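> Return atomic coordinates for the entry below.
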Amino acid sequence: MSRLFKFSMSVLVVSMCSASNAEGILASYECDGGKLQVQFHDDWAEALWLGNSYELHKAVSIGDIVYLGEGLSIREDATHLELEVTNEERIHCVKAAS
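Numbering: from 1, shown residues only. Just a heads-up that it's a prediction; the model follows:
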């Protein structure tokens, strides 16, 4: 005679994160032509450039971190950040001193 046992188990996973992770990481850059502020989140970012706000989405790229948006995109590697504005040349940026 076989007995069947039914086990019911509930698992609660609690994830703690710091305020910087929940709200994203704010970074400021000095660019040719102005100041760029970016609030980085997990897979997207908010950028403020010349008084305009842009929503950017993280894209897959080899070697660089790329965020693409309508009218603006940013590409970051180990040494600098490059801002690309629609119909304009690429703009070089460096991280602003905090």
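> next SSE after the helix or strand of the chain with the lowest mean pLDDT?
Lowest mean confidence among the helices and strands of the chain (mean pLDDT, DSSP states H and E): helix 19-23, at a mean of 49. Moving toward the C-terminus from helix 19-23, the next helix or strand (DSSP states H and E) is strand 25-31.
> which strand residues sit across from the spatially closest residue to residue 31 that is not a sequence neighbour in the sheet?
Closest residue in space to residue 31, ignoring its immediate chain neighbours: residue 93 at 3.8 Å, by CB to CB, 6 or more residues apart in numbering. In short, each C-beta sits where N, CA and C put it, glycine included. Judged by DSSP bridges, the bridge partners of residue 93 are residue 31, residue 81.
> gap between the most centrally placed residue in the chain and residue 28?
The centre of the chain sits closest to residue 40, judged by CA atoms, centre = their mean, with a distance of 3.4 Å. Going from residue 40 to residue 28 by CB to CB, to the nearest Å gives 12 Å.
> Low-confidence ranges, this structure, go.
Along the chain, segments meeting pLDDT under 70 span 1-22, 78, 87, 98.
> run the last query once more with 80
In the predicted model, the chain carries pLDDT under 80 at residues 1-23, 77-79, 87-89, 97-98.
> Give me the helices and strands touching whichever strand or helix holds residue 45, please.
Residue 45 is part of strand 44-49, with elements assigned from DSSP H and E. Applying 3 or more CB pairs under 8 Å, 6 or more residues apart in numbering; DSSP states H and E, we find strand 44-49 packed against strand 34-40, strand 52-59, strand 65-68, strand 72-76.
> what pairs with the shortest one, and is each one parallel or antiparallel?
Spelled out, that is strand 65-68. Using DSSP bridges, the strands paired with strand 65-68 are strand 52-59 (antiparallel), strand 72-76 (antiparallel).
> Of those, flag the one that's most buried.
Mean neighbours per residue, mean count of other CB atoms under 10 Å, is largest over the strands paired with strand 65-68 for strand 72-76, with a mean of 21.
> Distance of residue 37 relative to residue 61?
If you measure residue 37 against residue 61 using CB to CB, the figure is 22 Å.
> Distance of the nearest residue to residue 48 once chain neighbours are set aside relative to residue 63?
Distance criterion CB to CB, 6+ apart; nearest residue to residue 48, sequence neighbours excluded, is residue 37 at 4.4 Å. Residue 37 is 25 Å from residue 63, where distance means CB to CB.
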